[in-house]
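>>> have a look; sequence and predicted model below, questions after that.
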Amino acid sequence: MTAAQPRPGRARIHAALRAFPRRAEAADGHRPAAVAVTVVAGPAVLLTRRASSLRAHAGQYALPGGRADPGETSLQAARRELAEELGMELAPGAVLGLLDDYVTRSGYVITPVVLWAGDHTGPLRPREAEVAEVFRIPFADLDVEPQFVAIPESDRPVIRLPLRGGYLHAPTAAVLHQFREVVLGGRHTRVAHLEQPVFAWR
C-alpha cells in the first residue's frame, strides 16, 4: 500500500475477504481456536504483548484470541476473547471475514477472524492476567516484506515479520502477513506452510 493508494475502509476490506477463497483445516485431533484481527481507526490493527506471568508464550506479541469453548463457533470465540482480553465488545455484524486456518505446533487449529471496530470509542480494559500492553499497528507498518529463515529442525521456512524494532513470529506473523497480502495487496497468498520458531513449538 503506497501513499497514493486509498486506505482500505470497511467495504474494501469486506470485499477483499469475500473474494478470498480461504482454506479451512481439519481438526485431526487439534483443538479449535480463534484470533481477532481487529481493525480500528487509522487504519490499524490491535496487537497485544502477553503478560510475563503466563505459562505459555509469556511476553510475546499476539493477537487477542484463544481456545474455542465447546459448541462455540470461531466467530463467537474471536469476539468473546476480544471482550475478555481487551474489554472491547463488538456485535456479530462487526465480522468482515476469515483468513486461512493455521495449525500450530502446540496442537491448535487457529481461525483468524477479521473484525471491524472502526472509531470504537469505548476504553480498552486489558486483562492484566493475560495482557501486558496493547498496540495499534498502522497498516503501513504491516505492509513490509517478511524474512524467511531456514532451521535444521524443519524443512519449512520460518517467517519473521519486522515490527517495532524486532520480529513477529508465526502464528501471529503468518496471520498478519496474509492479512497484508489479501487486504492491502489483493494477493491470495497462502501461509499454512510457514513454520514457527522452535521456541514457540510448546
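Perfect, thanks for sending it. None of the values given here were measured: they were computed from a predicted structure.
>>> can you give me the helices for the protein?
For the chain, applying DSSP state H gives helices covering 10-18, 74-86, 139-142, 172-179.
>>> quick one: buried residues of the shortest one?
By neighbour count, and taking 16 or more other CB atoms under 10 Å as the criterion, the buried residues in helix 139-142 are 139, 141-142. Any C-beta I mention is one placed from the backbone N, CA and C, and that applies to glycine too.
>>> ok, now the longest one?
Buried residues in helix 74-86, counted by 16+ other CB under 10 Å: 74-83, 85-86.
>>> residue ranges with poor pLDDT in this structure?
Applying pLDDT under 70 to the chain flags residues 1-7, 51-59, 121.
>>> tell me who's in contact with the spatially closest residue to Thr189 that is not a sequence neighbour.
Counting by CB to CB, 6 or more residues apart in numbering, Glu181 is the residue found nearest to Thr189 once chain neighbours are left out, at 3.8 Å. Contacts for Glu181 (CB atoms under 8 Å, 6 or more residues apart in numbering) come out as 187-189.
>>> I'd like to know how far Glu181 sits from Ala129.
34 Å (CB to CB, to the nearest Å).
>>> got it, and Pro146?
31 Å.
>>> quick one: which of those two has more around it?
Legend: neighbour count by other CB atoms under 10 Å for Pro146 and Ala129, higher for Pro146 (22 against 9).
>>> isn't the more buried one up against Pro157?
No: look at Pro146 against Pro157 with CB atoms under 8 Å: they stay out of range, at 9.5 Å.
>>> thought Leu124 was touching Arg136?
No: applying CB under 8 Å as the test, Leu124 and Arg136 come out as separate, 9.7 Å apart.
>>> Ile13 and Val37, how far apart?
10 Å.
>>> between those two, what contacts are shared?
Val114.
>>> neighbour count for the two, which is higher?
Per other CB under 10 Å, whichever of Ile13 and Val37 has more neighbours is Val37, with 26 against 21.
>>> mind checking how far that one is from Glu128?
Noted for Val37: a distance of 23 Å to Glu128, by CB to CB.
>>> beta-bridge partners for Ser154, please?
Ile151 (DSSP bridges).
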